[in-house]
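Enquirer: quick check, what structure comes out for this input:
(one chain, ligands or ions: 1)
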Amino acid sequence: TGSLVWFRRDLRSYDHAALHHALAARGRVHAVFVFDPALLDPLPRADRRVEFIRHSLAALDAELRAAGGGLIVRHGNPVDEIPTLARELGVTAVHTNTDYEPSAIARDAAVAHALTDAGIGWHSWVDQVIFAPGQVLTGDGRPFTVFTPFRTAWLRRLAAEPARPYPIDLTGRLAAPPAQAAVPSLAELGFETVDGPDGAGTSAARRLLADFLYRIDDYHEARDFPAQPGTSRLSVHLRFGTISVRELVALAADRAAAGSTGAESWLSELVWREFYSQLLAHHPRVATEAFQPGYSRIEWAFGEQADLQFEAWCAGRTGYPLVDAGMRQLNRTGYLHNRLRMVTASFLVKDLGIDWRRGEAYFARQLLDFDLASNNGGWQWTASTGCDAQPYFRIFSPVRQSQRFDPTGAFIRSFVPELAGLDDRSIHAPWLLRTSVLAAAGVRLGQDYPTPLVDHATARQLTLERFASTRTLR
Ligand code: FAD
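Expert: Numbering: from 1, shown residues only. Model (predicted):
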């Protein structure tokens, strides 16, 4: 008898669908996490995500131990590890929370198959999102490909079925803790420290949420300014489930119903997350191709010059201060403000003419909150290749974006110190300044800080032609 809960992107012990359902069944509940070498081995040895997972697992293990249980940690292919462990423990069922990424769907199908062959039950619950792909459909039963009607239908369903937390009472229900010290250290996993444990686990998520709740009413006004603490910074916790999306949606919906425009706007962002999750689940091909087939045939820039420009973009050395500040924030912290995800992505695609998939892959390596569905959705939106994309002829001006969203240059100064001596108006486009002004600010253009890789007006024209030419191909 008893059940095994397999933790993956849900590293918490409260409001947890799989844990709740395992506790509702008879018998003791065991908990496991599997480190998959096929995922870990290719990573660089300093990897923020592995570190985040490791520290969050240690916190989860402590929570389970306080209730008389503990986390079993295995290393190997889950398709072998989960059925083997289930047999060793003699459980009758394995519970988990559904992961909607194509590779996870394939892996889970194989695990389910092996368990069923062994006469063990497999239960996969909705937990990562409020409504699973397929639960919010158009009037004629089709998946939505445009955000606004999806949000309307999603909110309607939420009103009918409000998000409620799953009650969890662990008292006296967990199987005895595993004999071995459960969670390996980062060094034992073969990785190095980057950030330390402070930002990981449910306690860090709670601190961020508590702080954000003071600011949520201003979210709609502050969210676009990277120098301001306008957003929640909860993305990594949503990614690894160290916070419950039901809790966040319930909070936001309550505040929105009470008249908070900020909360309403924030709820909308959580709906974008669900929109992209269902989009990837229904159209897995978007992971590698443009949603709009004609745009798969765009001729992107390639060759040595494109490679050098791509490297300069990655390093934050394009000569456009806000773009560079964003890329340096990404490289240094693993986080990038949403406005700057759009500005930097747009610059790569629309100013350098480089294939959005190269940028997407770079973000995937660097972002602590990397999520295939949201990252792909964000890139395709910005590149104008996606389902609900900005039209290709609307092209961000990197200077105008800088003047609007970092008006005093405060964000630029914090990540591009070479330009810190320039005044609030000059800092957005240093190449337009007189040599004497640059010299007075201690800036040697072309030495301390690069001249622009491209001229925006010329690049814009090339992009319009590149996209327009595909019309004939469609
Ligand atoms: P908040 O503004 O506080 O928003 C709350 C939550 O809503 C976020 O934590 C996130 O879960 C969700 N959310 C907000 N905006 C979006 C959005 N546009 N799309 C989907 N979900 C959203 N988000 C990721 O979680 N992982 C990614 O890999 C990712 N890559 C992106 C790539 C590009 C090119 C773009 C334009 C956006 C990307 N986003 C991604 C969406 C968004 O930028 C981040 O979710 C947000 O910046 C995280 O900061 P926050 O938690 O403070 O957000």
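Enquirer: get me the contact residues on the stretch 351-474 of the chain for the ligand.
Expert: By the criterion of Cβ under 6 Å from any ligand atom, the positions of the stretch 351-474 of the chain lying close to the ligand are Phe363, Leu367, Asp369, Phe370, Asp371, Ser374, Asn375, Gly377, Gly378, Trp379, Thr382. In short, each C-beta sits where N, CA and C put it, glycine included.
Enquirer: can you lay out those residues as TSV showing secondary structure and pLDDT?
Expert: Formatted as TSV, these follow (DSSP: H, G, I helix; E, B strand; the rest coil; pLDDT from 0 to 100):
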residue	secondary structure	pLDDT
Phe363	helix	98
Leu367	coil	97
Asp369	coil	98
Phe370	coil	98
Asp371	coil	98
Ser374	helix	98
Asn375	helix	98
Gly377	helix	97
Gly378	helix	97
Trp379	helix	97
Thr382	helix	96
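Enquirer: is the host helix or strand of Arg49 positioned near the ligand?
Expert: Secondary structure from DSSP states H and E places Arg49 in helix 48-66. No: contact of helix 48-66 with the ligand is not found when judged by Cβ under 6 Å from any ligand atom; the minimum separation is 11.1 Å.
Enquirer: what residue in this protein comes nearest to the ligand?
Expert: Nearest residue of the chain to the ligand: Gly378, at 2.4 Å (Cβ to the nearest ligand atom).
Enquirer: doesn't Thr344 make contact with that residue?
Expert: No: counting by Cβ atoms under 8 Å, Gly378 stays clear of Thr344, with 10.8 Å between them.
Enquirer: which of the two has more residues huddled nearby?
Expert: Neighbours per residue (other Cβ atoms under 10 Å) separate Gly378 from Thr344, with Thr344 holding more: 31 against 21.
Enquirer: hang on, the earlier thing: count of residues packed around the nearest residue to the residue of the chain closest to the ligand once chain neighbours are set aside?
Expert: Closest residue to Gly378 apart from its sequence neighbours, by Cβ to Cβ, 6 or more residues apart in numbering: Arg341 at 5.9 Å. A count of nearby residues for Arg341, using other Cβ under 10 Å, gives 22.
Enquirer: next: Ala112.
Expert: By other Cβ under 10 Å, the burial measure for Ala112, its neighbour count, is 20.
Enquirer: skipping its backbone neighbours, what lies nearest it in space?
Expert: Excluding the flanking residues, the one nearest Ala112 by Cβ to Cβ, 6+ apart is Trp122, at 4.2 Å.
Enquirer: which secondary structure state is assigned to that neighbour?
Expert: For Trp122, the reduced secondary structure class is strand; criterion used: DSSP: H, G, I helix; E, B strand; the rest coil.
Enquirer: tell me who's in contact with it.
Expert: For Trp122, the contacting residues are Ala93, Val94, Val111, Ala112, Leu115, Thr116, by Cβ atoms under 8 Å, 6 or more residues apart in numbering.
Enquirer: for the first one, give the beta-bridge partners.
Expert: Which is Ala93. For Ala93, the beta-bridge partners are Ser3, Gly121 (DSSP bridges).
Enquirer: what sits against it?
Expert: With Cβ under 8 Å, 6+ apart as the criterion, the residues that contact Ala93 are Ser3, Leu4, Ala22, Ala25, Ile120, Gly121, Trp122, His123.
Enquirer: now do it, the pLDDT please.
Expert: According to the per-residue confidence, Ala93 scores 98 in pLDDT.
Enquirer: so what are the domain limits for this protein?
Expert: As recorded under automatic domain parsing, the domains making up the chain are 3-127, 129-166+202-282, 293-469.
Enquirer: quick check: buried residues in stretch 440-454?
Expert: If you call a residue buried by 16 or more other Cβ atoms under 10 Å, then stretch 440-454 has these buried ones: Ala441, Val443, Leu445, Tyr449, Pro450, Pro452, Leu453, Val454.
Enquirer: regarding the protein, what is its longest helix?
Expert: Longest helix in the chain, counting residues (DSSP state H): helix 261-282.
Enquirer: what helices or strands is it leaning on?
Expert: Helices and strands in packing contact with helix 261-282 are listed as helix 147-160, helix 219-222, helix 245-257, helix 372-383; criterion 3 or more Cβ pairs under 8 Å, 6 or more residues apart in numbering; DSSP states H and E.
Enquirer: quick one: mean pLDDT for that helix?
Expert: 98.
Enquirer: may I see the buried residues of it?
Expert: Buried positions in helix 261-282, judged by neighbour count with 16+ other Cβ under 10 Å: 262-268, 270-282.
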